[in-house]
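1. the following comprises the amino acid sequence and a computationally predicted model.
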Amino acid sequence: MATKTTGAQTGRGAALWKEREAVVSRGSAAYTKLVIDRARNATLWDVDGKSYVDFAAGIGTLNVGHCHPQVVEALREQAGRLTHTSLHVAAYEGYMQVCRRLVDLVPGAGPKKAILFNSGSEAVENAVKLARSYTERRAVVAFDYGFHGRTLLCITLDGRYKPLRQGFGPPPAEVYHSRFPYSYRPPRGVDGRDLTAYCLEELDRLFLTDVAPEDVAAIIVEPVQGEGGFIVPTAGFLSGLREVCDRHGIVLIVDEVQSGFGRTGRMWAMEHDGIAADLVTVGKSLGAGLPISGVVGRADILDSAAPGSIGGTYGGNPLACAAALAVFEIFEKEKLVEAGARIGQRVQARFDALRDQLDIVGDSRGRGAMRAVELVEDQASRRPLPAATVRAILDDCVERGLVVIKAGIHDNVIRTLMPLTIPDADLERGLGILSDVLTMWDRRPRG
């Protein structure tokens, strides 16, 4: 089947896209060719005036929606008072307030502390540094299909080689990968009902063949895998990891950068499994689109690093902190955790129906509003739909007024990251566009 790339193909958008190609590194991904002029809640308008329902929301950074009035007002007020000092030079109240809110919200008994950074990758890097400092060990275990960022350490933790790691070696040492329970694609001969036990046994095998558990500083895991394709771990897997870490004195790092802040219908995705982490990485929707992230967790681990060894010039910038404090208030006032559960029920019902009706939809999965469909050539074979075809499907969605993005190890998963403030009419419009496009492609001859 022929594919196409749509988006900003005419008018001012086309000219601006040519400028992007002329001056921006091609290493930066491009899900669409849109050039956006403005946005409000769950709607985008491009530079040529066309509107779109936004199911991407800055790759999950806008759970409170675009340009929420309370965030905008907080930024205006903060910009007139203080834009930057660097916490290392002079402290400011907003930083401490954000840390206090995070400490109070993140599950776990005992004293907790937090530290702020700019991006999810920075949070992950520093969580690993803290785990190594605390344990005086060096090894880190991550999982197949996982994603933790694009810095050199993070791409080594990522459970995908191409394009994330290819060409960027040699990688940092002492990073190991174990099996993650992907129930739709279990290892050959493994019953899905036995997948939790199988993956935990694979971790034990790793400890026998590649690295001893007493040399492992941390195990890092996403409670729902994001870029890997919104893969929900099988029951008992996360609690099994908690038990392994407790038994061997390993720091459990739970990466909630994409899954946190109500996305799964709980404030933190790990709450579905009833576990608490030693360290939690947060980011994305914490800042309503402004760059801010953090590491939250046990105070003894956060305090194990020497002064000056953790931090950065812009981490927890006053403007980003003002946005984050507004986010906390919006979540409480507008009950956005409950909204994540409610939206998720509606999306799940639609996606389950598509799976039952269309041969192209192999799996419907997720938690709360963090939901996805995995596209296949046919349900019997489960062969991944080619990435070029998935791209064409996404392009058709854009043409009809919906921005939605892909994920997955085979680039064949369509995921939903709409704002949790999305109006019902926009949610239904977006789901209708996606359903219509998938139905149209299901009827096309394949092979």
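-> Arrived safely, thanks for sending.
2. center of the chain - which residue?
-> residue 258 (2.6 Å; CA atoms, centre = their mean).
3. burial of the nearest residue to that residue once chain neighbours are set aside, as a residue count?
-> Leaving aside its sequence neighbours, residue 258 sits nearest to residue 226 (CB to CB, 6 or more residues apart in numbering; 3.8 Å). Any C-beta I mention is one placed from the backbone N, CA and C, and that applies to glycine too. Neighbour count of residue 226, defined by other CB atoms under 10 Å: 28.
4. next: residue 309.
-> Quick note: residue 309 (other CB under 10 Å) scores 11 neighbours.
5. quick check: it touching residue 132?
-> No - using CB atoms under 8 Å, residue 309 makes no contact with residue 132, being 11.0 Å away.
6. quick one on the thing from earlier: need the three-state assignment for the residue nearest to the centre of the chain.
-> Following DSSP: H, G, I helix; E, B strand; the rest coil, the label given to residue 258 is coil.
7. do residue 297 as well
-> strand.
8. pLDDT wise, what is residue 165 at?
-> Looking at residue 165, its pLDDT stands at 82.
9. tell me who's in contact with it.
-> 155-156, 158, 171 (CB atoms under 8 Å, 6 or more residues apart in numbering).
10. closest to residue 315 among those?
-> Among the contacts of residue 165, residue 155 lies closest to residue 315 (CB to CB), at 21.1 Å.
11. that closest one contacts residue 168, correct?
-> Yes - counting by CB under 8 Å, residue 155 touches residue 168, with 6.3 Å between them.
12. who has more neighbours, the two?
-> residue 155 (23 against 12).
13. quick check: which element contains the more buried one?
-> Using DSSP states H and E, residue 155 sits within helix 152-157.
14. tell me which residues in that helix are buried?
-> Within helix 152-157, the residues that count as buried by 16 or more other CB atoms under 10 Å are 153-157.
15. next: stretch 132-145.
-> 132-135, 137-145.
16. next step: those restricted to helices.
-> 132-135 (DSSP state H).
17. from the residues you listed, which single one is nearest residue 372?
-> residue 132 (33.4 Å).
18. which residue, other than its chain neighbours, is closest to the closest one?
-> Per CB to CB, 6+ apart, closest to residue 132 is residue 217, 4.6 Å.
19. repeat that for residue 175.
-> residue 156 (4.7 Å).
20. for the one you found, give its distance to residue 220.
-> Distance of residue 156 to residue 220, computed by CB to CB, to the nearest Å: 11 Å.
21. same question for residue 385.
-> Distance from residue 385 to residue 220, by CB to CB: 30 Å.
22. who has more neighbours, those two?
-> A count of neighbours by other CB under 10 Å puts residue 220 above the other of residue 385 and residue 220, at 26 against 22.
23. am I right that the more buried one sits in a helix?
-> No - under three-state DSSP, residue 220 sits outside any helix and is assigned strand.
24. how about the contacts made by the residue nearest to the centre of the chain?
-> Taking CB under 8 Å, 6+ apart, one finds 59-60, 120, 222, 226-227, 284, 370 in contact with residue 258.
25. pLDDT of stretch 18-34, averaged?
-> 87.
26. offset the numbering so it begins at 38, please.
-> New numbering, starting at 38: the last item is stretch 55-71.
27. and it, what's buried?
-> For stretch 55-71, by 16+ other CB under 10 Å, it's 68-71.
28. how about those residues in TSV, adding secondary structure?
-> Shown next, in TSV, are the buried residues of stretch 55-71 (three-state DSSP):
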residue	secondary structure
68	coil
69	coil
70	strand
71	coil
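29. residue 146 and residue 137, how far apart?
-> 17 Å.
30. higher neighbour count, the two?
-> residue 137 (13 against 7).
31. many thanks, have a good one.
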